[in-house]
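A.B. asks: quick one, what's the 3D model for this:
(one chain, ligands or ions: 2)
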Amino acid sequence: RIPLWLDCDTGHDDAYALLLSAHDPRAELLGVSTVHGNAALDQTTFNTRAILEALGRRDVKVYPGAAKPIVRDAVHAADIHGESGLDGVTLLPQPVEPAVADVDYLEAMHRALIATPPNTAWLVSTGTLTNIGLLFQKHPDVARHIKGLSIMGGAVGNRFTDAPMGKVKGEGERFGNWTAYAEFNIYCDPEASRFIFSHPVLRPKTTLIPLDLSHQVLGTQAVRRSLLYGQRAEFDVDTTRLPSALRALFAQIMAFFAGTYAEVFSITEGPPLHDPLAVAAALYPDIFDDRDGERFRVDIVTEGVHSLHQSEVGELGRTKVSALQPGEGGCRIPRGVDRDKFWGLAEDALKRADAV
Ligand code: BDR
Ligand code: CA
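C.D. replies: Ligands and ions are numbered 1, 2, ... in the order given. This next block holds a predicted model:
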């Protein structure tokens, strides 16, 4: 199995990243660290523990990480996930134990990752990159244990696909989902992001899942119904069956996210489920498509005003990508994903979680 550490800011789509990390048969979940982002750190930590409780994985340790970016103030996405980071979710269980971390998160990540054989572990980031940036600054020896770093983040525009990007009500098409250019995770901590994307050892090990990719995987009505009732969309779904408590919880999570995307971005087909794609890219890299092994350099814009308001004008947090030649150590940015296989992973994980 693949040793995997998940760093997340549990909001609605991070919950699905936890589902795959906790119950995919290929994953050996070493631990989870939480970061500021969708909501304040104590909230994202609580949400993470509650989701793991629902998933029957109370055994997985959760380590609260950074409460703010390396040099800036924290920004939260209440418009998207609500103040709690998991608004609209009434079926969330209370985590049973109080949050007692035995060691600091950087120490825990370091210990867990250097205990894996060199070049084997995957680090998956579904929040902003503060914790991961600090980890490699403080413990550079971790890099040689990492086989891959999979990051949900960035907005590279429509240059790779014709997929529609997020739209903000009343505005035209835009690159980013937080500002016109910037995606939220990268925007929150552009300095940490720049450090990671320019890291000579990590860059060739990095897979980036930007918005144009995540917007190809929408939680449509058919997807939501089949996950709720545990049957694939192509079959007749027997809606008289009582869904499990876990499936009802995950349906509620997706329903709130669908409401947000309809309201804020006018995307009514279903919400893009960004974060679990980063887990899938670590465990099943082959279900993603590239063009001829292409690799990229990613530059992060770190100049500009950082504000709480998503309509900020400017390029702060923009991810600028350029193609690199083989051997120049670029990161992977897939262009597409096999949607059916991806939803199949979510269904299999729910089935396994239901059996716990
Ligand atoms: C990313 O931002 C967060 O709101 C989501 O959880 C996801 O990680 C999408 O831009
Ligand atoms: Ca997230």
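
A.B. asks: identify the residue nearest the closest residue to ligand 1 within the stretch 201-350 of the chain in space, chain neighbours excluded?
C.D. replies: Closest residue of the stretch 201-350 of the chain to ligand 1, C-beta to the nearest ligand atom: residue 274 (4.3 Å). All C-beta spots, glycine's among them, are computed from the backbone N, C-alpha and C. Once flanking residues are discounted, residue 274 sits nearest to residue 214: 3.9 Å by C-beta to C-beta, 6 or more residues apart in numbering.

A.B. asks: the one you found is in contact with residue 273, isn't it?
C.D. replies: Yes. Residue 214 lies in contact with residue 273 (C-beta atoms under 8 Å); the separation is 7.0 Å.

A.B. asks: quick check: bridge partners of residue 295?
C.D. replies: On the basis of DSSP bridges, residue 295 is bridged to residue 324.

A.B. asks: and it, what does it touch?
C.D. replies: Going by C-beta atoms under 8 Å, 6 or more residues apart in numbering, residue 295 touches 204, 323, 324, 326, 328, 329, 330, 331, 332.

A.B. asks: so can I have a markdown table of those showing pLDDT?
C.D. replies: Converted to a markdown table, the contacts of residue 295 look like this (pLDDT from 0 to 100):
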| residue | pLDDT |
| --- | --- |
| 204 | 96 |
| 323 | 87 |
| 324 | 90 |
| 326 | 80 |
| 328 | 91 |
| 329 | 91 |
| 330 | 95 |
| 331 | 96 |
| 332 | 96 |
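
A.B. asks: which of the residues you listed are buried?
C.D. replies: 204, 324, 329, 330, 331, 332 (16 or more other C-beta atoms under 10 Å).

A.B. asks: around ligand 1, which positions in the protein sit nearby?
C.D. replies: By the rule C-beta under 6 Å from any ligand atom, the part of the chain lying against ligand 1 is 11, 13-14, 38, 77, 80, 126, 152, 177, 183-185, 274-275.

A.B. asks: near ligand 2, which of those show up?
C.D. replies: 14, 126, 275 (C-beta under 5 Å from the ion).

A.B. asks: now for the closest residue to the second one other than its chain neighbours, how many residues are close by?
C.D. replies: What it means is residue 126. Closest residue in space to residue 126, ignoring its immediate chain neighbours: residue 275 at 3.8 Å, by C-beta to C-beta, 6+ apart. For residue 275, the neighbour count with other C-beta atoms under 10 Å is 30.

A.B. asks: let me see the contact set for residue 275.
C.D. replies: Listed by C-beta under 8 Å, 6+ apart, the contact set of residue 275 reads 8, 13, 14, 16, 17, 126, 152.

A.B. asks: how close does the closest residue to ligand 2 within the stretch 151-300 of the chain get to residue 7?
C.D. replies: Nearest residue of the stretch 151-300 of the chain to ligand 2: residue 275, at 4.8 Å (C-beta to the ion). Taking C-beta to C-beta, to the nearest Å as the measure, residue 275 and residue 7 are separated by 11 Å.

A.B. asks: just to check, residue 130 is in contact with residue 71?
C.D. replies: No. Residue 130 lies out of contact with residue 71 (C-beta under 8 Å); the separation is 10.0 Å.

A.B. asks: SS state for residue 32?
C.D. replies: Following DSSP: H, G, I helix; E, B strand; the rest coil, we place residue 32 in the strand state.

A.B. asks: who is it paired with across the strands?
C.D. replies: Residue 32 has these beta-bridge partners by DSSP bridges: residue 6, residue 62.

A.B. asks: begin at 9 from now on, thanks
C.D. replies: In the new count, where the first residue is 9, that last one comes out as residue 40.

A.B. asks: so it touches residue 25, yeah?
C.D. replies: No. Assessed by C-beta under 8 Å, residue 40 is found out of contact with residue 25, at 9.7 Å.

A.B. asks: between those two, which contacts overlap?
C.D. replies: Common neighbours of residue 40 and residue 25 are listed as 14, 16 (criterion: C-beta under 8 Å, 6+ apart).

A.B. asks: which residues of the stretch 259-364 of the chain fall in helices?
C.D. replies: 282-291, 347-362 (DSSP state H, counting those that start in this stretch).

A.B. asks: how far is the longest one from where the chain is centred?
C.D. replies: Just to be clear, that refers to helix 347-362. 17 Å (C-alpha atoms, centre = their mean, to the nearest Å).

A.B. asks: what about dumping the CA coordinates of it to PDB?
C.D. replies: C-alpha atoms of helix 347-362 as PDB (Å, rounded to 0.1, in the frame of the first residue of the first chain):
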ATOM      1  CA  ARG A 347     -14.600  10.600 -14.500                       C
ATOM      2  CA  ASP A 348     -16.200   7.100 -14.200                       C
ATOM      3  CA  LYS A 349     -13.200   5.600 -12.700                       C
ATOM      4  CA  PHE A 350     -12.900   8.500 -10.200                       C
ATOM      5  CA  TRP A 351     -16.500   8.200  -9.100                       C
ATOM      6  CA  GLY A 352     -16.000   4.400  -8.900                       C
ATOM      7  CA  LEU A 353     -13.200   5.100  -6.300                       C
ATOM      8  CA  ALA A 354     -15.600   7.200  -4.300                       C
ATOM      9  CA  GLU A 355     -18.300   4.500  -4.400                       C
ATOM     10  CA  ASP A 356     -15.800   1.800  -3.500                       C
ATOM     11  CA  ALA A 357     -14.500   3.900  -0.500                       C
ATOM     12  CA  LEU A 358     -18.100   4.400   0.700                       C
ATOM     13  CA  LYS A 359     -18.800   0.700   0.400                       C
ATOM     14  CA  ARG A 360     -15.700  -0.100   2.500                       C
ATOM     15  CA  ALA A 361     -16.500   2.600   5.000                       C
ATOM     16  CA  ASP A 362     -20.100   1.300   5.300                       C
END
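
A.B. asks: thank you, goodbye.
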